[in-house]
Every structure is written in structure tokens, then in C-alpha cells.
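Colleague: prediction below, plus the sequence it came from.
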Amino acid sequence: MEQPTASFPGLDRRSLLKGMGLLGAAAAIPGLAACADTGTATPESKKSAGKASGTVRFGLNANAAVPTAGYDSVFAAFEQKTGIKVRTNKLLYTEQINNYLTAAPDDVLIWNAGYRMRFFAEKQLVSDVTSVWDQVGSNISEAVKQACTAKDGKQYLVPFYNYPWVTYYRKSVFEKRGYAVPKTLDELTTLASQMKRDGLTPIAFADKEGWEAMGTFDILNMRVNGYDFHIQLLDGKESWDDDRVKSTFDTWRRLLPIHQPQALGRTWQEAAQALGQEKAGMYFMGSFAVDQFDDATKEDLDFFPFPEIDSEHGQDAIDAPIDGFMMVKRPDNAAASQSLLEYLASAEAAELYLKTDTNDVATAQNVDTSNYTVLQKKYADVIGSSKNVAQYLDRDTRPDFAAPVVLPAIQDFLKGNGADIDGITRSLQSQAKSIFAS
Amino acid sequence: MLGIPAALSILLVWVPAFMSAALSLTTWNGVGGFSAAEPVGAENYRQIATNYPPFWPALQHNLIWLGSFLFIATPIGLLLAVLLDKEIRGTRIYQTAIFLPVVLSLALIGFIWQLLYSPEQGLINNLFNADVDWIGDSSINLWSAMVAASWRHVGYVMVIYLAGIKAVDPALREAAAMDGANELQVFRQVVFPSLRTTNVVVLVITIIESLRAFDLVYVLNHGRNGLELLSVLITENIIGEATRIGFGSAIAVILLMVSLGVIIPYLAQALRKDPTS
């Protein structure tokens, strides 16, 4: 979904234009698509990194200060090294990704790993980047490599960084009240009851835009049923009306009383404020949430991975979405794109970038972590020690299933306080069946 | 002289509309040209009706939206126009205040009301020390959105009616008053009948505004959880990452049918009569 890249997804001009699109849009898209449909040749061999030159056009998918400044410094260093210029395009293309990839105004673009990458790889809208992986692959972990590999066994994404979904808390509050970090579900519920007695909302919670609570579903499903089942389910290979899925929802239903109520009317930023103002004791969110706090509060923040629910799975899985780079089907400057991608996979590029972005950690393994903040070091540890790394629900399943189907189903579940689990899972399965069949 | 606009309208409106209708009978993900679209007959419509939970609520919300604009917001606009026509003290200030929301985009209005409605930090809950989840509670959020949308629509309607009322010949009203008609009678027998053309404009605007509603709910909560509208479902299926273009086109065709079903009978009836009678 709109993983917040510091811009509010609702107010950019394009979102509003979409509203006016309605009928016209249905017919406008085919025109665009038809223009660029001329054969499906793979790009020329890109082994010629040595004589690459010219300009690479780069789709940034962001216009806020935090990512752009970091990339600017990376590209400046790259130009100094190779003489290749990088021209950035600050268009926000997440919600128009199909049109964007078809028209391909850029050579290289930022995108996400997992199903969200595979979907476009299978549609043959992007090039495989195995030749980049040949150069840089030894520096990247196997789990990350899997997330960047499509069904044909080739890599289509060069990873850059990832960030974990964890439970944040304030050290000062835990110290003052004598709370201990919970390791199991029982410890979590005991702690939550104590917090309630102390007048705190145990877990801050929001689902106004609908993607936020997908993180809670992911972690509960992975804790209850394990990573493999979770991924199979999102891949359309397991059934949503399976008892195991119902068991996940049922666990969630029992945990709802320790979550902040009325989540559907609250933005994730407002939920973060509840933790910041010490009205809530914990907050389960992606690490980008840290930007919501002032410096003093940031100092006071700590986190733990979501507690164990079933000892068979322990705490062996985590959502840590990977962002990286894809190359369009027919880049104008394939050689320069190749050398840019190789540079971006290097520790040097990651170190430069992460100077301006302290919520993410590099996927390059030989990166120098001495400049990491305390939290960043801990993020790296938590992700590194997790046996399985998932990409987040809307990156691990089909885009035409995540937002149109799962998102409203979870909102229905929250709206009814978990009342109609059978009805919700039945409807999910019947829609999954029709969508995955197409 | 009408040839060029007519040709443009056919080319840019009706051809795409028919193409949408054709696409609605296929399944297509927008990649690989029209030839990649697989015909599936009425399957998309069947799926929409039987296996797509947001559809029926969205249709219902569109109709509620239309109903409340027609029967609540528009009459309030007319009432305000009549009151402001009386040249009461400070009428300019009232006119400006009521008209002001009209110059704001609905997206901006969404943001303004979001600040009012937010559960913990919002003005309304803090002012009245209430704990109402205005946007998150799906049993009331449609009405929260309607208040915000009407806030703008009332001003719009008011200005159009005000202009219409000002254009009524004062001699007619004076004559009616001389004949002993009270204010209500003057309005019903003299002013309102001479507003026929204004009524057509207002009704068409009201219908269009309510069926194309999108930006406001999109800003409030992306048109989910009680704020589903047909326009939102179309966008989500066609333009977002999902690109179920055939499926989305089918919803678009349904919205087109609803629009035509409401507006054609009205226009046919309203324009048949001689407006100067």
C-alpha cells in the first residue's frame, strides 16, 4: 500500500485527477499500453560496464526531502566515480505503476521486492538484472535474494535497504512502571492488563487508510501458522477459509481489547502520537513511524519483535520490506544502467544514503555499521537473526487482491470487533478463487 | 457550427464510453494491447453482483448521496437564497461566508473536515468533549461526509438561486403583494414558477455533483469502510496497482447507466416545455 514516503498519499494532483478519470480512464489506458507494445526482446547484453557513459534516468517515486537528499548524494558520488550522470524523476508512480512501466520514461526505478516485483516481471515490463547479481550477489543474503527472484529463477530487483515492523515502546515508561519486554503472548496479555490498570492503552492502533492493520495480520499469521503457510496463503495456494486462517483471526479477536479502539478513524500518525504522549504503552508499526516523534522521544524509544504465540514458530519470522531498484524492459542506456545498479548494490552507496535515512538498514552485507544509530543497529540484528523475512501483505500477494479485497475484509473484521470471522474468511476465499484464476 | 463540438464529444466522450462497455465484457490487465483482452461475457457483472462485497454498499451510498443533495442540501440552498434576497443587514457578509466553501476544492474540504472530525485531535470532539469516531464508524461516516459535501453544495446552490431570484421582475412581486398575497404566496405563485430555468441548472448540477463524488471520500479515508462510492471502486480496480480493467470498466458502465437513468428522463421532461411560458 502507500508505505508513507513522507508525502500524504491523498493530496497529490494525480490522485485527484484519478477522480475525474472515471469512464475516460478506462479507455485512455489501452491507448497508452498499445503505443509501447512492440515486441518483447530482452535488452542487449549489459556486460559492457567498463565503457558505460552518458546519462541514466532514474525514477525516484518520492519528492520529499528525506529520500531525495540521500539519493542526490549517492548519485553525486557515482558521477564522480564513473562520469555517468543520473537524472532523477520525482514523479510518484506507485498507483500508476502499470502505465509508468509501459511508457517507461526512466531507465532505472525504485520498487519493492516480493510478489509486487514478480507480478511485473511476469508481465515482462522489467528486465532481469541477473548480470548485476553476478557482480554483487555474494554480498547479499540468501533470504534477500529469494525476495528479489521471480518465478523463472531470475532476479529482477537489486536490493538497497529494508526496514522491520516491530513493537515500539518508551524506555522511560517501562523503567518507571517496572514493565518487562514480553517474550510470549501470555506475557504480552499480562503486561497489557497491567498497563490498563495503570491507565494506559496497551497497544496504539490505526487502520484508517487500511494498509496499517495488514502488518498485524501478517505477524499474527506468521506467529500462529508459520512463515511458509503465510506465504503460500498469500500466493493463492492455501485457502482463506482454512481453519488455520480462522485461528489467526480468532487470536486477533482476543487481542482487540488491548488495542486502541476506533482504529478505522485514526491515522497511523495519530496512533504514533498516543505512544509519544504516553497515552499508549506500545505501538506495532514499521520503523518509518519513528519520524513522528521529536528528538527527545526518539532517544527514549526502544522496540522488541512481536512475541511468540506458538513455540513451533517462535519469533522466527518478521515483516521487513525490501526496497530496491528495477530496470525497465528496454532502457535507453543499458550499459550505464547496469553500472549504476552495481554501484547502488555496494556498501559505499548504502552508507552514503543511510546517513540521511536512519529508519532503514542496508541489505549489502559488508556495510560499515559504525555510523548506524542505536535503533538501526538493533533493526539490523532483529532482521539478521530472523530465519524468515516477509515483505508485507501488499507486497507478498497480487496487487489486485491486496487492496481491493484483503484491505476491506480486515476493516470489516475490525468494524465488527471480530464477530463474523467465518463470513469474512468465506468471502475472502471466494474472491481469492475468482481473482487468482484470472 | 455545432459540428465541431459534436464531433469532439463523440470522439472524446462517446467512443471511450463504448470502448469501456466493450472492455467490461473482457478480462484484461492493461498490458499487451487490446488483443490481450480475453472475452468473458457477462462474467464481470456476475462477479460484481455476487462476489464483490463493496459493490452494493457503494451503489447504495451513491443513491443516498444523490438523495440528500436533492432533498436536503439543495432546499437549504434555496432557503438561504430567499432569505438573503431580503437585503437584511450584513447580507454581503452572509453571502460571502456561505459561498466561500464553493471556491475550495473538495480535496481541500476533505482536509478541513478531517481536522474537525479526527477522534483525539479533532475540533468537534474536543469542543464538545465527545468521543465519536466521525470518520471511522461506518454507521455514521457517510453522514459526516455528507455534512462536509453539503457545506459546499449549499453555497453553490444558493448563489445560483440568488442570481435567479434577482432576475425575477420586481413588478410581478409588487403586483402580487398589492393583490394581497403574503410572502409565502408570492414565493410559491410568482417567484418559484419564474425560476424554471434555474431549477433545471440546479438539478443537473446536483445530480452530476453527487454521482461524480470522489475526491472528498478519497481524502477522508480513501473511500473505504462505509464511504465506498462507485467512482472509488472504479479507480481502485482500474487505475491503482490492481489493473482489473475489465472488472473496473463493468462498474463504470453501471455508474454510467445510473447517471443516464437519472438525468435523461429529467432533461427530456424539463426541456420539452417552453421555458418562457
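Modeller: Arrived safely, thanks for sending. Numbering: from 1, shown residues only, chains lettered A, B, ... in the order given.
Colleague: contacts and neighbour counts: CA atoms only from here.
Modeller: Noted.
Colleague: quick one, domains of chain A?
Modeller: Chain A resolves into domains spanning A:13-20+A:34-163+A:322-372, A:165-319+A:398-437 when parsed by automatic domain parsing.
Colleague: among those, which comes closest to chain B?
Modeller: domain A:165-319+A:398-437 (3.3 Å; C-alpha to the nearest C-alpha).
Colleague: ok so, going back, mean pLDDT lowest for which of the domains of chain A?
Modeller: Here the lowest mean pLDDT among the domains of chain A goes to domain A:13-20+A:34-163+A:322-372, at a mean of 85.
Colleague: how far does that one sit from the chain's center?
Modeller: Relative to the centre of its chain, domain A:13-20+A:34-163+A:322-372 is centred 15 Å away, using C-alpha atoms, centre = their mean, to the nearest Å.
Colleague: then stretch B:11-27?
Modeller: Its chain's C-alpha centre and that of stretch B:11-27 lie 23 Å apart, by C-alpha atoms, centre = their mean.
Colleague: also stretch B:178-186?
Modeller: Centre-to-centre, stretch B:178-186 and its host chain are 35 Å apart (C-alpha atoms, centre = their mean).
Colleague: and the average pLDDT for the helix or strand that residue B:164 is a member of is what?
Modeller: In this structure, residue B:164 sits in helix B:141-166 according to DSSP states H and E. The average pLDDT within helix B:141-166 is 94.
Colleague: okay, which residue is most central for chain B?
Modeller: For chain B, the residue nearest the mean C-alpha position is residue B:210 (1.7 Å; C-alpha atoms, centre = their mean).
Colleague: quick one: secondary structure of that one?
Modeller: Following DSSP: H, G, I helix; E, B strand; the rest coil, we place residue B:210 in the helix state.
Colleague: I'd guessed it sits against residue B:70; true?
Modeller: No - contact criterion C-alpha atoms under 8 Å: residue B:210 and residue B:70 do not qualify, at 9.0 Å.
Colleague: returning to that earlier point: avg pLDDT for the helix or strand following the helix holding residue B:164?
Modeller: Sequence-wise, the next helix or strand downstream of helix B:141-166 (DSSP H and E) is helix B:170-178. Averaging pLDDT along helix B:170-178 yields 88.
Colleague: what's the following helix or strand past helix B:170-178 packed up against?
Modeller: Following helix B:170-178 in sequence order, the next helix or strand is helix B:183-185 (DSSP H and E). On a contact count with 3 or more C-alpha pairs under 8 Å, 6 or more residues apart in numbering or on different chains; DSSP states H and E, helix B:183-185 meets no helix or strand.
Colleague: rewinding a little: distance from the helix holding residue B:164 to the middle of the chain?
Modeller: Relative to the centre of its chain, helix B:141-166 is centred 10 Å away, using C-alpha atoms, centre = their mean.
Colleague: one step back: any chance of a markdown table for the domains of chain A, columns distance to chain B?
Modeller: What follows is the domains of chain A, written out as a markdown table (distance: least, C-alpha to the nearest C-alpha, whole Å):
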| stretch | distance to chain B |
| --- | --- |
| domain A:13-20+A:34-163+A:322-372 | 5 |
| domain A:165-319+A:398-437 | 3 |
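Colleague: can you add mean neighbour count and give those back as CSV?
Modeller: CSV is the format used below for these (neighbours: other C-alpha atoms under 10 Å in any protein chain shown):
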stretch, mean neighbour count
domain A:13-20+A:34-163+A:322-372, 19
domain A:165-319+A:398-437, 19
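Colleague: can these go into JSON lines with extra columns for distance to residue B:269?
Modeller: What follows is these, written out as JSON lines (distance: least, C-alpha to C-alpha, whole Å):
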{"stretch": "domain A:13-20+A:34-163+A:322-372", "distance to residue B:269": "28"}
{"stretch": "domain A:165-319+A:398-437", "distance to residue B:269": "40"}
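Colleague: residue boundaries of the strands in the stretch 1-150 of chain A?
Modeller: In the stretch 1-150 of chain A, the segments counted as strands under DSSP state E, counting those that start in this stretch are A:55-59, A:85-89, A:108-112, A:126-127.
Colleague: strand partners of the last one, parallel vs antiparallel please.
Modeller: Sheet partners assigned to strand A:126-127 using DSSP bridges are listed as strand A:322-328 (antiparallel).
Colleague: in a helix, residue A:249, correct?
Modeller: Yes - judged by three-state DSSP, residue A:249 forms part of a helix.
Colleague: which residue, other than its chain neighbours, is closest to it?
Modeller: In space, and not counting its chain neighbours, residue A:249 is closest to residue A:421: 6.8 Å by C-alpha to C-alpha, 6 or more residues apart in numbering or on different chains.
Colleague: and the one you found, its phi and psi?
Modeller: The phi/psi pair for residue A:421 (degrees, to the nearest 10) reads phi -60, psi -40.
Colleague: same thing with residue B:28?
Modeller: Note on residue B:28: its backbone torsions stand at phi -150, psi 140 [degrees, to the nearest 10].
Colleague: that one - how many residues pack around it?
Modeller: For residue B:28, the neighbour count with other C-alpha atoms under 10 Å in any protein chain shown is 23.
Colleague: what does the pLDDT read for it?
Modeller: Residue B:28 carries a pLDDT score of 85 in this model.
Colleague: wait, what's in contact with it?
Modeller: Residues in contact with residue B:28 (C-alpha atoms under 8 Å, 6 or more residues apart in numbering or on different chains) are B:36-38, B:243-246.
Colleague: do residue A:184 as well
Modeller: Here residue A:184 is in contact with A:307-309 (C-alpha under 8 Å, 6+ apart).
Colleague: specify the beta-bridge partners of it.
Modeller: Going by DSSP bridges, residue A:184 forms beta bridges with residue A:308.
Colleague: over to residue A:204?
Modeller: residue A:283.
Colleague: okay but it is in contact with residue A:260, surely?
Modeller: Yes - Residue A:204 is within contact range of residue A:260, at 5.1 Å (criterion: C-alpha under 8 Å).
Colleague: how much space is there between the residue nearest to residue A:249 and residue A:427?
Modeller: 10 Å (C-alpha to C-alpha, to the nearest Å).
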